[in-house]
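Asker: Here's a sequence, model it:
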Amino acid sequence: MQTPPARTPHRLDPAGGCPHSLNARLLAGGAVVPVELPGGVPGAAVLGHEALKEFLQHPEVAKDARHFTDLREGRIPAGWPLLTFATVRGMTTADGADHRRLRSLTSRAFTPRRVEELRPRIEQLTATLLDGLSRAAAADGVADLRRHFALPLPMAVICELLGVDAEFRDRLHHLSSQVVATGIGPAEAIAANRELLALLGEIAEAKAAAPADDLTSALIAARDEGGDRLGDQELIGTLLLMIVAGHETTLNLITNAVRALCAHRDQLDLVRAGRASWADVVEETLRWDAPVSYFPFRYPVRDLTVAGTHIPAGTPVLAGYSAAGRDPAAHGPDADRFDVTRPARPGAPRHLSLGHGAHYCLGAPLARLEAGIALERLFTRFPALDLAVAEADLAPHAGFVGNSVRTLPVRLTPAGAPGGPRESPAAFGDADGPTETDGGATPGRRRG
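Answerer: Reported below is the predicted structural model:
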């Protein structure tokens, strides 16, 4: 049998953009594709649903960067934009017993029962933020939903869980956005990483001096008990991971769900008629427009063949969640269609957008609760809510890790009601902060 020719590596655009048309082209050639990461670093991406499911739970695939050949052999520079994903000390870069140890320190805070106890507070925060969204739209009926609603809700929730004061939240979001960007320059990447670690160290020191009933205090107590429960670097790494993962993905999930419902009013009508639930909306959004597109990294500990494609040991591999969500081999010929009744269909495959296996997203119950409450309350309060600009005019999120748009201008009042002309997205600035690196994203660049 002849070996099929190797595929030419696809160069991932550090600026990002809507992934869906690209994913479709790459998937047409196979479920696994070699890629070129920023700086010419060779890697791979697993895109097909079944291939990704297999890869995420493969016993010979690791998360610890000691298996990353180019990093171990000194070929990855200090300012490489994806370096933090590989080197941060925490549960997402640990394997086996170390992973179980680190995960156990935080897992009790995210059980379905503990998360359900947060419902009243999330509902209260949602109501307050909807009031703020209304005030932001007071002049002409238009406001940036991402800045005024989708961002502050998950950021407030995770920071309250961690006991992080409100004064730090804007800075934490700005720095975390830079740390996970793929189009940032080396000097900026190093500076952002240093500043974020210093800020988290400051937060930890303050919490050690005045502990309270919060997750950060519990982690510090675990560190100070001695033994091998938690090291200093693991403490800071865990705080970094909790803050970044605890708000960035939910921010994108809420943003993407609102866009999807505004573009598919018939699907919104199904929910209002009781033929689908808000939980169904959340699950279909996770599948159809995953908040994370290509997540770094996993490393084969030996040469592997996945879906017929050879992946050498030590290759940094991306999990292609957005591609797997629209894989027609798993989700059928209508995989590109947003359908809120799909999650309830008998035999419908479960999406992989929150991971699979031992590293399944710890915060999944919280993200689902936040998004479900946010969407229900938003469309109940503003039943005529719609995009204030054309979908094609929304600038995509910078970078290829996260998947969303940079701003989401919405009109709270019905079309034709007093409220002035439709606004340009540029009028709303940058929802991720006025100084965030834009990674080359430009308004008007069409989303997939």
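
Asker: Now do Leu378 against Arg326, distance only.
Answerer: 25 Å (CB to CB, to the nearest Å). Where you see a C-beta, it was placed from the backbone N, CA and C, and this is true even at glycine.

Asker: go on, Arg298?
Answerer: Separation of Arg298 from Arg326 (CB to CB): 21 Å.

Asker: Just confirm Ile236 contacts Leu199, I think it does.
Answerer: No: counting by CB atoms under 8 Å, Ile236 sits too far from Leu199 to count as a contact (10.0 Å).

Asker: Looking at these two, which one has more neighbours?
Answerer: More neighbours surround Ile236 than the other of Ile236 and Leu199, with 22 against 19 (other CB atoms under 10 Å).

Asker: Going by secondary structure, the more buried one is in what exactly?
Answerer: helix 232-263 (DSSP states H and E).

Asker: could you give the mean pLDDT of that helix?
Answerer: The average pLDDT for helix 232-263 rounds to 94.

Asker: Identify each buried residue in that helix, please.
Answerer: The neighbour-count check on helix 232-263 (16 or more other CB atoms under 10 Å) flags 234-262 as buried.

Asker: And stretch 353-360, by the same measure?
Answerer: Residues of stretch 353-360 classed as buried by neighbour count (16+ other CB under 10 Å): 353-356, 359.

Asker: Next: stretch 62-80.
Answerer: Within stretch 62-80, the residues that count as buried by 16+ other CB under 10 Å are 62-65, 67-68, 70-71, 76, 79-80.

Asker: Sort those by pLDDT and name the bottom one.
Answerer: Comparing the buried residues of stretch 62-80 by pLDDT, Gly79 comes last, at 91.

Asker: so that one sits right up against Asn193, yeah?
Answerer: No: using CB under 8 Å, Gly79 is not in contact with Asn193; the gap is 9.1 Å.

Asker: chain center to the helix holding Ile236, what's the gap?
Answerer: 5 Å (CA atoms, centre = their mean, to the nearest Å).

Asker: After that helix, which helix or strand is next?
Answerer: Counting by DSSP H and E, the next helix or strand C-terminal to helix 232-263 is helix 265-272.

Asker: ok, residues contacting that next one?
Answerer: Contacting residues not belonging to helix 265-272 are listed as 260-262, 276-278, 280-281, 338-341, 379 [CB atoms under 8 Å, 6 or more residues apart in numbering].

Asker: Which of the residues you listed fall within strands?
Answerer: Assignment to strands by DSSP state E places none of the contacts of helix 265-272 there.

Asker: So which of these wins on neighbours?
Answerer: Val340 (28 neighbours).

Asker: you'd agree it is up against Ala279?
Answerer: No: contact criterion CB under 8 Å: Val340 and Ala279 do not qualify, at 9.8 Å.

Asker: To what extent is the nearest residue to Arg411 once chain neighbours are set aside buried, counted in neighbours?
Answerer: In this structure, Arg411 finds its nearest non-sequential neighbour in Ala388, 4.4 Å apart by CB to CB, 6 or more residues apart in numbering. If you count neighbours by other CB under 10 Å, Ala388 ends up with 29.

Asker: for the one 5 residues further on, same thing?
Answerer: Taking other CB under 10 Å as the criterion, the count of residues near Asp393 is 19.

Asker: still on that earlier bit, wait, which of the contacts of helix 265-272 is closest to Ser293?
Answerer: Lowest distance from Ser293 to the contacts of helix 265-272 (CB to CB) belongs to Ala260, with 15.6 Å.

Asker: got the contact list for the closest residue in space to that closest one that isn't next to it in sequence?
Answerer: Nearest-residue entry for Ala260: Phe338, 5.1 Å, with adjacent residues in sequence omitted and distances by CB to CB, 6+ apart. Contacts of Phe338 were listed using CB under 8 Å, 6+ apart, and they are 260, 263-264, 267, 284-285, 288-289.

Asker: again, only using 7 Å
Answerer: Residues near Phe338 by CB atoms under 7 Å, 6 or more residues apart in numbering: 260, 264, 267, 284, 288.

Asker: Reformat those residues as a markdown table; add distance to Val179.
Answerer: Below are those laid out as a markdown table (distance: CB to CB, whole Å):
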| residue | distance to Val179 |
| --- | --- |
| Ala260 | 28 |
| His264 | 34 |
| Gln267 | 35 |
| Glu284 | 30 |
| Trp288 | 27 |
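
Asker: Show me which of the residues you listed is closest to Thr84.
Answerer: Looking across the contacts of Phe338 and measuring by CB to CB, the closest to Thr84 is Trp288, at 28.5 Å.

Asker: Would you check that the closest one makes contact with Ala324?
Answerer: No: under the criterion of CB atoms under 7 Å, Trp288 makes no contact with Ala324, lying 11.5 Å away.

Asker: between these two, who's got more neighbours?
Answerer: Ala324 (30 against 25).

Asker: quick check, that one in a helix?
Answerer: Yes: assessed by DSSP: H, G, I helix; E, B strand; the rest coil, Ala324 belongs to a helix.

Asker: what residues are up against it?
Answerer: Residues near Ala324 by CB under 7 Å, 6+ apart: 47-49, 52, 352.

Asker: What lies in contact with stretch 27-39?
Answerer: Looking at what lies outside stretch 27-39 - CB under 7 Å, 6+ apart - the contacts are 7, 9-12, 14, 26, 42-48, 51, 80-82, 182, 306-309, 311, 316, 318, 323, 327.

Asker: Buried among those residues? Make that a ChimeraX selection.
Answerer: ChimeraX command restricting the contacts of stretch 27-39 to the buried ones, with burial defined by 16+ other CB under 10 Å:
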select :9,10,12,14,26,43,44,45,46,47,48,51,80,81,82,182,306,307,309,311,316,318,323,327
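
Asker: any idea how far Ser107 lies from Leu162?
Answerer: Distance, Ser107 to Leu162, by CB to CB: 15 Å.

Asker: er, Arg302 actually
Answerer: Distance, Arg302 to Leu162, by CB to CB: 38 Å.

Asker: Likewise for Thr93?
Answerer: Distance from Thr93 to Leu162, by CB to CB: 20 Å.

Asker: same question, His174
Answerer: Per CB to CB, His174 is found 17 Å from Leu162.

Asker: which residues touch the residue nearest the centre of the chain?
Answerer: Nearest to the geometric centre of the chain sits Thr249, at 3.0 Å (CA atoms, centre = their mean). The contact partners of Thr249, by CB under 7 Å, 6+ apart, come to 291-292, 367.

Asker: Over to Ala204?
Answerer: 216, 220, 235-236, 239.

Asker: Now it: which helix or strand?
Answerer: Assigned by DSSP H and E, Ala204 belongs to helix 186-209.

Asker: Could you do Gly43 as well?
Answerer: According to DSSP H and E, Gly43 maps onto strand 41-46.

Asker: SS state for Pro346?
Answerer: State at Pro346, reduced to three classes by three-state DSSP: coil.

Asker: Phi and psi next, for it.
Answerer: Per-residue torsions, Pro346: phi -60, psi 130 (degrees, to the nearest 10).
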